[in-house]
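> coords please:
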Amino acid sequence: MEDWISHIVDFVRQHQVWAIPIVFLLAFGESLAFLSLLLPATIILLGLGALIGEVGIPFWSVFIAAAGGFFGEWLSYWLGDHYQLRVYHLWPFTRHPAMLERGHAFFMRWGIAGVFLGRFFGPLRAVVPLVAGLCGMPRLGFQLANLLSAALWAFGLLASGAFGLRWLAHFVGQ
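Residues are numbered from 1 along each chain as shown. Presented below is the predicted three-dimensional model:
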């Protein structure tokens, strides 16, 4: 796992033009039901945030690329809305039905706030948008929570490294 992380960060360090598509794909995969369970994207995005600060890749273009997280949850919502109960017969839920049950309980308790909060907790990020679609949550409410949480999530992952290293370098240099 550590090899993947270091290979991706090293690749972006050497080929900075790839930062935007890689961040988009990682954020998309991290926010997409099913795939988010297999992809260690949060750790890689944190590493890329630090790289942004180290090599001077423009923060705002990479931040906008992290909109992939918005689109990943949007697709997850659509899958739940479109496939409804058939989702329960798909991997990984056939092997781990408790994942959907926990996501459903969380969503029923918190509603739109659960969609917002779910993005910040890995196991919930994988199922809450899917469950929101299954439960017929209105699209506008879902997309509002999705947009706001995606922006905050992306900023938190990328800015800490991008601006933190610059701030530290400036502070230590004084």
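> Would you mark the buried spots in stretch 152-163?
W153, A154, F155, L157, L158, G161, A162 (16 or more other C-beta atoms under 10 Å). Placement of C-beta: from N, CA and C, glycine included.
> in whichever strand or helix holds V131, what's buried?
Using DSSP states H and E, V131 sits within helix 128-134. Buried residues in helix 128-134, counted by 16+ other C-beta under 10 Å: V128, P129, L130, V131, A132, G133, L134.
> what do you get for stretch 74-85?
So for stretch 74-85, counting by 16+ other C-beta under 10 Å, buried means W74, L75, S76, Y77, L79, G80, D81.
> I'd say F107 and V115 touch.
Yes. Between F107 and V115 there is a contact under C-beta atoms under 8 Å: 7.4 Å.
> just for this protein, where's the confidence low?
1, 164-174 (pLDDT under 70).
> residue ranges for the helices of this structure, please.
Assigned by DSSP state H, the chain shows helices spanning 2-14, 19-31, 41-55, 59-65, 68-83, 97-110, 112-118, 122-125, 128-134, 139-173.
> just checking, what packs against the fourth one?
This means helix 59-65. helix 19-31, helix 41-55, helix 139-173 (3 or more C-beta pairs under 8 Å, 6 or more residues apart in numbering; DSSP states H and E).
> Quick one: distance of that helix to the chain centre.
Here the centre of helix 59-65 is set off from its chain's centre by 14 Å, with C-alpha atoms, centre = their mean, to the nearest Å.
> List the contacts of that helix.
For helix 59-65, contacts defined as C-beta atoms under 8 Å, 6 or more residues apart in numbering pick out 19-21, 23-24, 27, 48, 52, 154-155, 158-159, 162-163.
> mind listing what's buried in it?
Using 16+ other C-beta under 10 Å as the test for burial, helix 59-65 gives F59, V62, F63, A65.
> W4: neighbouring residues, count only.
12 (other C-beta atoms under 10 Å).
> so it touches L39, yeah?
No. Contact between W4 and L39 fails when scored by C-beta under 8 Å: they sit 9.4 Å apart.
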